[in-house]
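K.L.:
3D model of this:
(2 chains)
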Amino acid sequence: MNCTRIKRIIDEADRPDVFPLEAAGHVAGCPDCRSFADERARLRELTGSVARVTAPGNFNALLNERLSRVKSQRSSWLSPAGFMRLGTATAGLLVVFIALQYGGFLSTKTPTTEDQHPPVAGGELRGDGSSSPATPAPPVVRLPDHTPRSLPRAINVATSRTPKATRQDGPPLLLVRDNNGDRTLLMIPVSVGMQQQVQNGSYGRQPRSSDISY
Amino acid sequence: MATVTHQAQAIGLGSRTVETASDHELLADIKDGDEAAFQEIVRRYRNPITNFVYRMLDDYERSVELAQETFIRVFTSASRYQANYSFSTYIYRIATNLAISELRRRKRRKFVSLFSPYTDDNGDAVELDPPDLNPLQDESLINDERRKAVARAITSLPEKYRAAIVLRDVEGLSYDRIAEVLKLSEGTVKSRINRARNLLKEKLSVYI
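P.N.:
Reported below is the predicted structural model:
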(Lines give C-alpha, C1' and ligand atoms only; values in the text may rest on other atoms or scores of the structure.)
Protein backbone atom coordinates (compact mmCIF):
# COMPACT_ATOMS: atom_id res chain seq x y z
CA MET A 1 0.00 0.00 0.00
CA ASN A 2 1.19 3.49 -0.72
CA CYS A 3 1.56 6.21 1.89
CA THR A 4 -1.43 8.24 0.67
CA ARG A 5 -3.80 5.36 1.29
CA ILE A 6 -2.21 4.61 4.65
CA LYS A 7 -2.62 8.23 5.73
CA ARG A 8 -6.27 8.13 4.77
CA ILE A 9 -6.74 4.99 6.86
CA ILE A 10 -5.00 6.69 9.77
CA ASP A 11 -7.15 9.79 9.43
CA GLU A 12 -10.39 7.80 9.30
CA ALA A 13 -9.57 5.41 12.11
CA ASP A 14 -12.02 5.37 14.99
CA ARG A 15 -9.19 5.53 17.48
CA PRO A 16 -6.02 7.48 16.72
CA ASP A 17 -3.76 4.71 18.01
CA VAL A 18 -5.44 1.63 16.58
CA PHE A 19 -5.09 0.85 12.88
CA PRO A 20 -5.80 -2.16 10.73
CA LEU A 21 -3.01 -4.71 10.68
CA GLU A 22 -1.70 -3.83 7.23
CA ALA A 23 -1.62 -0.11 8.06
CA ALA A 24 0.06 -0.75 11.39
CA GLY A 25 2.77 -2.73 9.66
CA HIS A 26 3.36 0.05 7.17
CA VAL A 27 3.46 2.73 9.87
CA ALA A 28 6.06 0.76 11.79
CA GLY A 29 8.40 0.85 8.83
CA CYS A 30 7.63 4.27 7.33
CA PRO A 31 8.89 7.34 9.23
CA ASP A 32 6.71 9.72 7.23
CA CYS A 33 3.51 7.81 7.97
CA ARG A 34 4.53 7.36 11.59
CA SER A 35 5.03 11.10 11.90
CA PHE A 36 1.62 11.67 10.34
CA ALA A 37 0.00 9.19 12.74
CA ASP A 38 1.62 10.87 15.76
CA GLU A 39 0.55 14.27 14.54
CA ARG A 40 -3.04 13.19 13.99
CA ALA A 41 -3.15 11.49 17.40
CA ARG A 42 -1.92 14.67 19.06
CA LEU A 43 -4.40 16.80 17.16
CA ARG A 44 -7.34 14.58 18.07
CA GLU A 45 -6.23 14.63 21.66
CA LEU A 46 -6.15 18.43 21.56
CA THR A 47 -9.59 18.83 20.01
CA GLY A 48 -11.00 16.29 22.44
CA SER A 49 -9.47 18.15 25.37
CA VAL A 50 -11.57 21.27 25.03
CA ALA A 51 -13.66 21.76 28.13
CA ARG A 52 -17.20 20.47 27.81
CA VAL A 53 -19.86 22.87 28.89
CA THR A 54 -23.01 21.67 30.57
CA ALA A 55 -26.53 23.00 30.62
CA PRO A 56 -27.23 25.50 33.42
CA GLY A 57 -29.07 24.38 36.53
CA ASN A 58 -32.25 26.18 35.57
CA PHE A 59 -32.28 24.66 32.08
CA ASN A 60 -35.39 22.56 32.72
CA ALA A 61 -37.25 25.42 34.38
CA LEU A 62 -36.51 27.77 31.50
CA LEU A 63 -37.41 25.09 28.99
CA ASN A 64 -40.72 24.32 30.68
CA GLU A 65 -41.53 28.02 30.75
CA ARG A 66 -40.85 28.38 27.04
CA LEU A 67 -42.72 25.18 26.31
CA SER A 68 -45.79 26.35 28.18
CA ARG A 69 -45.72 29.58 26.15
CA VAL A 70 -45.53 27.59 22.93
CA LYS A 71 -48.41 25.36 24.04
CA SER A 72 -50.57 28.34 24.95
CA GLN A 73 -49.86 29.99 21.61
CA ARG A 74 -50.77 26.82 19.73
CA SER A 75 -53.90 26.19 21.78
CA SER A 76 -55.03 29.82 21.53
CA TRP A 77 -55.52 29.45 17.78
CA LEU A 78 -57.49 26.24 18.26
CA SER A 79 -59.75 27.65 20.97
CA PRO A 80 -63.10 29.36 20.25
CA ALA A 81 -61.43 32.69 20.97
CA GLY A 82 -58.81 31.87 18.34
CA PHE A 83 -61.48 31.09 15.78
CA MET A 84 -63.21 34.36 16.71
CA ARG A 85 -59.99 36.26 16.06
CA LEU A 86 -59.52 34.47 12.75
CA GLY A 87 -63.12 35.23 11.75
CA THR A 88 -62.78 38.88 12.72
CA ALA A 89 -59.60 39.24 10.72
CA THR A 90 -61.20 37.60 7.68
CA ALA A 91 -64.27 39.81 7.91
CA GLY A 92 -62.08 42.90 8.21
CA LEU A 93 -60.14 41.94 5.10
CA LEU A 94 -63.41 41.34 3.25
CA VAL A 95 -64.75 44.76 4.20
CA VAL A 96 -61.55 46.44 3.07
CA PHE A 97 -61.65 44.55 -0.23
CA ILE A 98 -65.26 45.50 -0.90
CA ALA A 99 -64.58 49.11 0.00
CA LEU A 100 -61.65 49.25 -2.36
CA GLN A 101 -63.63 47.70 -5.15
CA TYR A 102 -66.58 49.99 -4.57
CA GLY A 103 -64.30 52.99 -4.62
CA GLY A 104 -62.87 51.88 -7.94
CA PHE A 105 -59.33 51.44 -6.63
CA LEU A 106 -59.15 47.90 -7.91
CA SER A 107 -60.69 48.60 -11.34
CA THR A 108 -58.32 48.80 -14.25
CA LYS A 109 -60.87 50.19 -16.67
CA THR A 110 -60.16 53.68 -17.99
CA PRO A 111 -62.77 56.06 -19.32
CA THR A 112 -63.90 55.04 -22.81
CA THR A 113 -64.00 57.20 -25.85
CA GLU A 114 -67.66 57.70 -25.43
CA ASP A 115 -67.08 58.92 -21.89
CA GLN A 116 -64.56 61.44 -23.18
CA HIS A 117 -66.63 62.49 -26.22
CA PRO A 118 -70.27 61.97 -25.43
CA PRO A 119 -72.47 61.94 -28.52
CA VAL A 120 -74.36 65.09 -29.24
CA ALA A 121 -78.06 64.58 -29.23
CA GLY A 122 -79.78 64.87 -32.57
CA GLY A 123 -76.73 64.88 -34.78
CA GLU A 124 -73.18 63.78 -35.24
CA LEU A 125 -69.93 65.50 -34.78
CA ARG A 126 -68.39 67.32 -37.62
CA GLY A 127 -64.71 67.49 -38.27
CA ASP A 128 -64.50 70.96 -36.83
CA GLY A 129 -66.24 69.95 -33.65
CA SER A 130 -69.62 71.41 -34.51
CA SER A 131 -72.68 69.25 -34.75
CA SER A 132 -75.03 68.70 -37.57
CA PRO A 133 -78.59 68.43 -36.33
CA ALA A 134 -79.87 67.37 -39.73
CA THR A 135 -78.09 63.99 -39.81
CA PRO A 136 -79.58 61.22 -37.63
CA ALA A 137 -77.29 59.50 -35.15
CA PRO A 138 -75.90 56.26 -36.54
CA PRO A 139 -76.79 53.01 -34.75
CA VAL A 140 -74.26 51.89 -32.15
CA VAL A 141 -73.25 48.23 -32.26
CA ARG A 142 -71.15 46.95 -29.36
CA LEU A 143 -69.05 43.92 -30.16
CA PRO A 144 -69.12 41.19 -27.52
CA ASP A 145 -66.06 40.61 -25.38
CA HIS A 146 -65.29 37.29 -27.02
CA THR A 147 -64.70 38.97 -30.36
CA PRO A 148 -61.36 37.61 -31.61
CA ARG A 149 -58.46 40.01 -31.33
CA SER A 150 -57.22 39.27 -34.82
CA LEU A 151 -59.63 41.08 -37.01
CA PRO A 152 -59.30 41.10 -40.79
CA ARG A 153 -56.61 43.39 -42.02
CA ALA A 154 -58.89 45.98 -43.50
CA ILE A 155 -60.87 46.20 -40.32
CA ASN A 156 -57.73 46.47 -38.23
CA VAL A 157 -56.54 49.36 -40.28
CA ALA A 158 -59.82 51.06 -39.85
CA THR A 159 -60.18 50.38 -36.17
CA SER A 160 -56.67 51.45 -35.32
CA ARG A 161 -57.58 55.01 -36.05
CA THR A 162 -58.45 57.32 -33.26
CA PRO A 163 -62.09 58.20 -32.85
CA LYS A 164 -62.93 60.46 -35.69
CA ALA A 165 -66.14 62.05 -36.71
CA THR A 166 -67.30 61.83 -40.26
CA ARG A 167 -67.54 64.90 -42.40
CA GLN A 168 -70.83 66.10 -43.44
CA ASP A 169 -70.09 65.53 -47.09
CA GLY A 170 -68.27 62.23 -46.70
CA PRO A 171 -69.66 58.75 -46.28
CA PRO A 172 -71.01 58.14 -42.79
CA LEU A 173 -68.59 55.42 -41.76
CA LEU A 174 -66.94 55.44 -38.36
CA LEU A 175 -65.02 52.61 -36.83
CA VAL A 176 -63.84 53.25 -33.29
CA ARG A 177 -61.53 51.30 -31.09
CA ASP A 178 -60.59 52.99 -27.90
CA ASN A 179 -57.36 52.55 -26.02
CA ASN A 180 -58.86 50.23 -23.48
CA GLY A 181 -59.59 47.53 -26.02
CA ASP A 182 -63.35 48.06 -25.92
CA ARG A 183 -64.49 48.17 -29.49
CA THR A 184 -67.31 50.39 -30.53
CA LEU A 185 -68.49 50.16 -34.09
CA LEU A 186 -70.49 52.97 -35.56
CA MET A 187 -71.51 51.70 -38.91
CA ILE A 188 -73.69 52.82 -41.70
CA PRO A 189 -73.91 50.70 -44.87
CA VAL A 190 -71.69 52.05 -47.59
CA SER A 191 -71.07 50.93 -51.11
CA VAL A 192 -68.04 48.92 -52.17
CA GLY A 193 -66.83 51.81 -54.24
CA MET A 194 -66.87 54.07 -51.23
CA GLN A 195 -64.79 51.57 -49.26
CA GLN A 196 -62.31 51.61 -52.11
CA GLN A 197 -62.11 55.35 -51.78
CA VAL A 198 -61.41 55.01 -48.11
CA GLN A 199 -58.59 52.56 -48.73
CA ASN A 200 -57.12 54.71 -51.47
CA GLY A 201 -57.07 57.73 -49.21
CA SER A 202 -59.33 59.73 -51.47
CA TYR A 203 -62.11 59.75 -48.95
CA GLY A 204 -62.87 63.06 -47.31
CA ARG A 205 -61.95 65.47 -50.07
CA GLN A 206 -63.86 66.98 -52.84
CA PRO A 207 -63.84 64.90 -56.01
CA ARG A 208 -61.41 66.13 -58.58
CA SER A 209 -61.98 66.13 -62.22
CA SER A 210 -59.36 63.39 -62.63
CA ASP A 211 -61.42 61.15 -60.37
CA ILE A 212 -64.35 61.32 -62.71
CA SER A 213 -64.29 59.20 -65.76
CA TYR A 214 -66.97 58.54 -68.24
CA MET B 1 -54.28 8.94 31.40
CA ALA B 2 -50.68 9.72 30.63
CA THR B 3 -50.05 10.54 34.28
CA VAL B 4 -51.54 7.27 35.38
CA THR B 5 -49.41 5.41 32.86
CA HIS B 6 -46.30 7.19 34.04
CA GLN B 7 -47.08 6.41 37.69
CA ALA B 8 -47.56 2.79 36.78
CA GLN B 9 -44.25 2.80 34.97
CA ALA B 10 -42.49 4.60 37.80
CA ILE B 11 -43.46 2.04 40.38
CA GLY B 12 -42.50 -0.75 38.03
CA LEU B 13 -45.98 -2.00 37.20
CA GLY B 14 -45.47 -1.42 33.53
CA SER B 15 -43.10 -3.32 31.31
CA ARG B 16 -40.54 -0.51 31.61
CA THR B 17 -39.79 2.81 33.29
CA VAL B 18 -38.88 6.06 31.62
CA GLU B 19 -35.31 5.65 32.83
CA THR B 20 -34.90 2.31 31.08
CA ALA B 21 -36.95 3.12 28.01
CA SER B 22 -35.21 3.59 24.71
CA ASP B 23 -35.29 6.93 22.93
CA HIS B 24 -37.81 5.63 20.42
CA GLU B 25 -40.09 4.42 23.18
CA LEU B 26 -39.86 7.79 24.89
CA LEU B 27 -40.75 9.54 21.65
CA ALA B 28 -43.77 7.32 21.31
CA ASP B 29 -44.82 8.36 24.82
CA ILE B 30 -44.22 12.03 24.01
CA LYS B 31 -46.59 11.66 21.06
CA ASP B 32 -49.21 10.58 23.58
CA GLY B 33 -48.53 13.69 25.63
CA ASP B 34 -46.37 12.08 28.30
CA GLU B 35 -44.51 14.93 30.00
CA ALA B 36 -42.28 12.58 31.99
CA ALA B 37 -40.97 10.99 28.80
CA PHE B 38 -40.10 14.43 27.48
CA GLN B 39 -38.29 15.32 30.70
CA GLU B 40 -36.27 12.12 30.39
CA ILE B 41 -35.26 12.99 26.84
CA VAL B 42 -34.20 16.43 28.07
CA ARG B 43 -32.20 14.88 30.89
CA ARG B 44 -30.35 12.59 28.49
CA TYR B 45 -29.48 15.13 25.83
CA ARG B 46 -29.40 18.60 27.40
CA ASN B 47 -25.65 18.53 28.13
CA PRO B 48 -24.43 17.05 24.81
CA ILE B 49 -26.66 19.35 22.80
CA THR B 50 -25.67 22.43 24.79
CA ASN B 51 -21.99 21.54 24.43
CA PHE B 52 -22.30 20.87 20.72
CA VAL B 53 -24.08 24.16 20.02
CA TYR B 54 -21.59 25.98 22.22
CA ARG B 55 -18.70 24.58 20.18
CA MET B 56 -20.43 25.76 17.05
CA LEU B 57 -21.22 29.28 18.27
CA ASP B 58 -18.76 29.99 21.08
CA ASP B 59 -21.58 31.84 22.84
CA TYR B 60 -22.87 30.13 25.95
CA GLU B 61 -26.08 32.11 26.50
CA ARG B 62 -27.18 31.71 22.92
CA SER B 63 -26.18 28.04 22.99
CA VAL B 64 -28.49 27.41 25.93
CA GLU B 65 -31.33 29.16 24.11
CA LEU B 66 -30.78 27.13 20.96
CA ALA B 67 -30.53 23.90 22.95
CA GLN B 68 -33.91 24.71 24.47
CA GLU B 69 -35.28 25.51 21.05
CA THR B 70 -34.04 22.11 19.92
CA PHE B 71 -36.07 20.37 22.62
CA ILE B 72 -39.13 22.48 21.88
CA ARG B 73 -38.95 21.36 18.27
CA VAL B 74 -38.59 17.76 19.36
CA PHE B 75 -41.73 18.14 21.46
CA THR B 76 -43.82 20.00 18.90
CA SER B 77 -42.86 17.69 16.03
CA ALA B 78 -43.03 14.45 17.98
CA SER B 79 -46.16 13.43 16.10
CA ARG B 80 -44.25 13.62 12.81
CA TYR B 81 -41.16 11.79 14.09
CA GLN B 82 -40.34 8.63 12.17
CA ALA B 83 -37.91 6.16 13.66
CA ASN B 84 -35.93 5.62 10.50
CA TYR B 85 -32.67 6.31 12.28
CA SER B 86 -31.50 6.87 15.82
CA PHE B 87 -33.03 9.63 17.87
CA SER B 88 -29.62 11.11 18.67
CA THR B 89 -29.06 11.60 14.94
CA TYR B 90 -32.44 13.31 14.74
CA ILE B 91 -31.81 15.69 17.64
CA TYR B 92 -28.27 16.49 16.51
CA ARG B 93 -29.66 17.34 13.09
CA ILE B 94 -32.12 19.80 14.61
CA ALA B 95 -29.37 21.35 16.72
CA THR B 96 -26.99 21.53 13.75
CA ASN B 97 -29.59 23.27 11.61
CA LEU B 98 -30.32 25.78 14.35
CA ALA B 99 -26.63 26.45 14.94
CA ILE B 100 -25.88 26.89 11.24
CA SER B 101 -28.89 29.19 10.85
CA GLU B 102 -27.58 31.25 13.75
CA LEU B 103 -24.12 31.42 12.20
CA ARG B 104 -25.57 32.56 8.90
CA ARG B 105 -27.77 35.11 10.62
CA ARG B 106 -24.71 36.50 12.36
CA LYS B 107 -22.84 36.55 9.09
CA ARG B 108 -25.63 38.57 7.47
CA ARG B 109 -25.53 41.00 10.35
CA LYS B 110 -21.77 41.10 9.96
CA PHE B 111 -20.84 40.26 13.51
CA VAL B 112 -17.13 40.89 13.60
CA SER B 113 -15.03 38.91 15.99
CA LEU B 114 -11.86 40.49 17.22
CA PHE B 115 -10.16 37.22 16.39
CA SER B 116 -11.56 37.06 12.87
CA PRO B 117 -11.12 40.41 11.18
CA TYR B 118 -10.02 38.89 7.89
CA THR B 119 -11.61 36.59 5.36
CA ASP B 120 -10.08 34.13 2.97
CA ASP B 121 -10.84 33.66 -0.72
CA ASN B 122 -14.10 31.84 0.11
CA GLY B 123 -15.33 34.70 2.28
CA ASP B 124 -14.89 32.66 5.45
CA ALA B 125 -13.48 34.25 8.55
CA VAL B 126 -9.81 33.67 9.10
CA GLU B 127 -8.52 33.84 12.60
CA LEU B 128 -5.80 36.30 13.43
CA ASP B 129 -4.07 34.47 16.22
CA PRO B 130 -0.35 35.12 16.27
CA PRO B 131 1.45 32.59 18.43
CA ASP B 132 2.58 33.80 21.81
CA LEU B 133 6.27 33.03 21.99
CA ASN B 134 6.67 33.96 25.63
CA PRO B 135 7.18 30.92 27.84
CA LEU B 136 4.37 30.15 30.26
CA GLN B 137 5.31 29.43 33.82
CA ASP B 138 2.52 27.41 35.29
CA GLU B 139 1.25 24.07 34.01
CA SER B 140 -2.39 24.85 34.74
CA LEU B 141 -2.06 28.14 32.92
CA ILE B 142 -0.54 26.29 29.99
CA ASN B 143 -3.39 23.82 29.86
CA ASP B 144 -5.95 26.56 30.20
CA GLU B 145 -4.37 28.60 27.45
CA ARG B 146 -4.12 25.54 25.23
CA ARG B 147 -7.79 24.70 25.66
CA LYS B 148 -8.75 28.26 24.82
CA ALA B 149 -6.55 28.19 21.76
CA VAL B 150 -8.13 24.95 20.58
CA ALA B 151 -11.61 26.33 21.18
CA ARG B 152 -10.76 29.49 19.23
CA ALA B 153 -9.26 27.44 16.43
CA ILE B 154 -12.41 25.33 16.17
CA THR B 155 -14.63 28.41 16.21
CA SER B 156 -12.59 30.00 13.44
CA LEU B 157 -13.20 27.09 11.07
CA PRO B 158 -15.72 27.53 8.25
CA GLU B 159 -19.11 26.28 9.37
CA LYS B 160 -19.19 23.28 7.05
CA TYR B 161 -15.90 22.01 8.47
CA ARG B 162 -16.76 23.06 12.00
CA ALA B 163 -19.93 21.01 12.25
CA ALA B 164 -18.18 17.91 10.96
CA ILE B 165 -15.11 18.16 13.20
CA VAL B 166 -17.13 18.95 16.35
CA LEU B 167 -19.45 16.03 15.76
CA ARG B 168 -16.48 13.74 15.17
CA ASP B 169 -13.72 14.78 17.54
CA VAL B 170 -15.67 16.54 20.30
CA GLU B 171 -18.95 14.62 20.36
CA GLY B 172 -17.45 11.35 19.15
CA LEU B 173 -20.04 10.45 16.52
CA SER B 174 -19.19 7.90 13.86
CA TYR B 175 -18.80 8.86 10.21
CA ASP B 176 -22.07 7.30 9.12
CA ARG B 177 -24.04 9.06 11.83
CA ILE B 178 -22.40 12.38 11.00
CA ALA B 179 -23.38 11.78 7.41
CA GLU B 180 -26.99 11.29 8.54
CA VAL B 181 -26.94 14.38 10.74
CA LEU B 182 -25.50 16.61 8.03
CA LYS B 183 -27.38 14.88 5.20
CA LEU B 184 -24.15 14.31 3.32
CA SER B 185 -22.43 11.28 1.87
CA GLU B 186 -19.94 9.52 4.07
CA GLY B 187 -17.17 10.37 1.64
CA THR B 188 -17.96 14.06 1.86
CA VAL B 189 -17.94 13.87 5.63
CA LYS B 190 -14.52 12.20 5.63
CA SER B 191 -13.21 14.81 3.25
CA ARG B 192 -14.49 17.66 5.38
CA ILE B 193 -13.06 16.20 8.56
CA ASN B 194 -9.69 15.70 6.89
CA ARG B 195 -9.76 19.28 5.65
CA ALA B 196 -10.78 20.56 9.09
CA ARG B 197 -7.92 18.68 10.74
CA ASN B 198 -5.43 20.10 8.27
CA LEU B 199 -6.68 23.60 9.05
CA LEU B 200 -6.52 22.94 12.79
CA LYS B 201 -2.98 21.60 12.41
CA GLU B 202 -1.92 24.91 10.91
CA LYS B 203 -3.61 26.93 13.63
CA LEU B 204 -2.38 24.77 16.49
CA SER B 205 1.08 24.00 15.20
CA VAL B 206 2.65 25.45 18.33
CA TYR B 207 0.89 22.88 20.50
CA ILE B 208 1.57 19.83 18.33
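K.L.:
Contact distance from chain A - what residues of chain B qualify?
P.N.:
Within reach of chain A by CB under 8 Å from any CB of the partner chain, chain B has these residues: B:39, B:42, B:46-47, B:50-51, B:54-55, B:60, B:63-64, B:67-68, B:71-72, B:75-76, B:146-147, B:150-151, B:154, B:165, B:169-170, B:174-175, B:190, B:193-194, B:197, B:200-201, B:204, B:207-208. All C-beta atoms are positioned from the backbone trio N, CA, C, and that covers glycine.
K.L.:
Could you tell me which of the residues you listed belong to helices?
P.N.:
Among the residues of chain B next to chain A, the members found in helices (DSSP state H) are B:39, B:42, B:46-47, B:50-51, B:54-55, B:60, B:63-64, B:67-68, B:71-72, B:75-76, B:146-147, B:150-151, B:154, B:165, B:175, B:190, B:193-194, B:197, B:200-201.
K.L.:
low pLDDT regions in the chain?
P.N.:
You didn't say which chain, so I picked chain A. A:1, A:75-82, A:104-214 (pLDDT under 70).
K.L.:
meant chain B, my bad for not saying
P.N.:
B:1-16, B:110-137.
K.L.:
most centrally placed residue in it?
P.N.:
The centre of chain B sits closest to residue B:52, judged by CA atoms, centre = their mean, with a distance of 2.5 Å.
K.L.:
Surely that residue is in contact with residue B:168?
P.N.:
No. The pair residue B:52 / residue B:168 is not scored as a contact, 11.5 Å apart, by CB atoms under 8 Å.
K.L.:
Residue A:88 versus the residue nearest to the centre of chain B, what's the distance?
P.N.:
44 Å (CB to CB, to the nearest Å).
K.L.:
so what does the top helix by length along chain A touch, helix or strand wise?
P.N.:
Taking DSSP H as the assignment, the helix of chain A that covers the most residues is helix A:80-102. For helix A:80-102, the packing partners by 3 or more CB pairs under 8 Å, 6 or more residues apart in numbering or on different chains; DSSP states H and E come out as helix A:59-78.
K.L.:
And the helix it packs on, what does it pack against?
P.N.:
By 3+ CB pairs under 8 Å, 6+ apart, helix A:59-78 packs against helix A:80-102, helix B:35-57, helix B:60-76.
K.L.:
Provide a list of residues in contact with the residue nearest to the centre of chain B.
P.N.:
Contacts for residue B:52 (CB atoms under 8 Å, 6 or more residues apart in numbering or on different chains) come out as B:92, B:95-96, B:99, B:166-167, B:170-171.
K.L.:
So which of the residues you listed is the closest to chain A?
P.N.:
Chain A lies nearest to residue B:170 out of those, by CB to the nearest CB, at 6.3 Å.
K.L.:
For residue B:185, see how far away residue A:3 is.
P.N.:
Residue A:3 is 25 Å from residue B:185, by CB to CB.
K.L.:
So for the two, which residue has more residues nearby?
P.N.:
A direct count of neighbours by other CB atoms under 10 Å in any protein chain shown for residue A:3 and residue B:185 places residue A:3 higher, at 13 against 10.
K.L.:
Could you double-check that the more buried one sits in contact with residue A:34?
P.N.:
No. Assessed by CB under 8 Å, residue A:3 is found out of contact with residue A:34, at 10.6 Å.
K.L.:
any residues in contact with both of the two?
P.N.:
Contacts common to residue A:3 and residue A:34, judged by CB under 8 Å, 6+ apart, are absent.
K.L.:
Specify the stretch among the helices and strands packed on helix A:59-78 that is closest to residue A:8.
P.N.:
Closest to residue A:8 of the helices and strands packed on helix A:59-78, according to CB to CB: helix B:35-57, at 25.3 Å.
K.L.:
How far away from the center of its chain is stretch B:19-31?
P.N.:
22 Å (CA atoms, centre = their mean, to the nearest Å).
K.L.:
what sits up against it?
P.N.:
With CB under 8 Å, 6+ apart, stretch B:19-31 has contacts from B:2, B:5, B:16, B:18, B:36-38, B:40-41, B:44, B:74-75, B:78-79, B:81, B:83, B:86-88.
K.L.:
Now the buried members of those.
P.N.:
Buried members of the contacts of stretch B:19-31, counted by 16 or more other CB atoms under 10 Å in any protein chain shown: B:5, B:18, B:36-38, B:40-41, B:44, B:74-75, B:78, B:87-88.
K.L.:
From residue B:67, how far off is residue B:61?
P.N.:
In terms of CB to CB, residue B:61 sits 11 Å off from residue B:67.
K.L.:
Please say which of these two ends up with more neighbours.
P.N.:
residue B:67 (29 against 10).
K.L.:
Correct me if wrong: the more buried one contacts residue B:46.
P.N.:
Yes. If you go by CB under 8 Å, residue B:67 and residue B:46 touch, sitting 6.5 Å apart.
K.L.:
which neighbours do those two share?
P.N.:
Joint contacts of residue B:67 and residue B:46 (CB under 8 Å, 6+ apart) are A:55, A:59.
K.L.:
check which helix or strand covers residue 26.
P.N.:
Since no chain was named, I'll use chain A. Per DSSP states H and E: residue A:26 is located in helix A:21-29.
K.L.:
Please refer instead to chain B.
P.N.:
Counting by DSSP H and E, residue B:26 is found in helix B:23-31.
K.L.:
Can you get me a residue count around residue B:85?
P.N.:
Neighbour tally, residue B:85, other CB under 10 Å: 13.
K.L.:
Against residue A:45, how distant is it?
P.N.:
30 Å.
K.L.:
And residue B:58, by the same measure?
P.N.:
Distance from residue B:58 to residue A:45, by CB to CB: 21 Å.
K.L.:
Repeat that for residue B:47.
P.N.:
Distance from residue B:47 to residue A:45, by CB to CB: 22 Å.
K.L.:
cool, and residue B:45?
P.N.:
Taking CB to CB, one finds residue B:45 at 26 Å from residue A:45.
K.L.:
Which one's more surrounded, these two?
P.N.:
residue B:45 (22 against 15).
K.L.:
residues contacting the nearest residue to the more buried one once chain neighbours are set aside?
P.N.:
Closest residue to residue B:45 apart from its sequence neighbours, by CB to CB, 6 or more residues apart in numbering or on different chains: residue B:91 at 5.7 Å. Residues in contact with residue B:91 (CB under 8 Å, 6+ apart) are B:45, B:49, B:70, B:74.
K.L.:
and with 10 Å instead?
P.N.:
B:23, B:41, B:44-45, B:48-49, B:52, B:67, B:70-71, B:73-74, B:181 (CB atoms under 10 Å, 6 or more residues apart in numbering or on different chains).
K.L.:
relative to helix B:35-57, how tilted is the helix or strand hosting it?
P.N.:
According to DSSP H and E, residue B:91 maps onto helix B:87-108. In terms of direction (axes from the mean of the first three to the mean of the last three CA atoms, to 10 degrees), helix B:87-108 departs from helix B:35-57 by 40 degrees.
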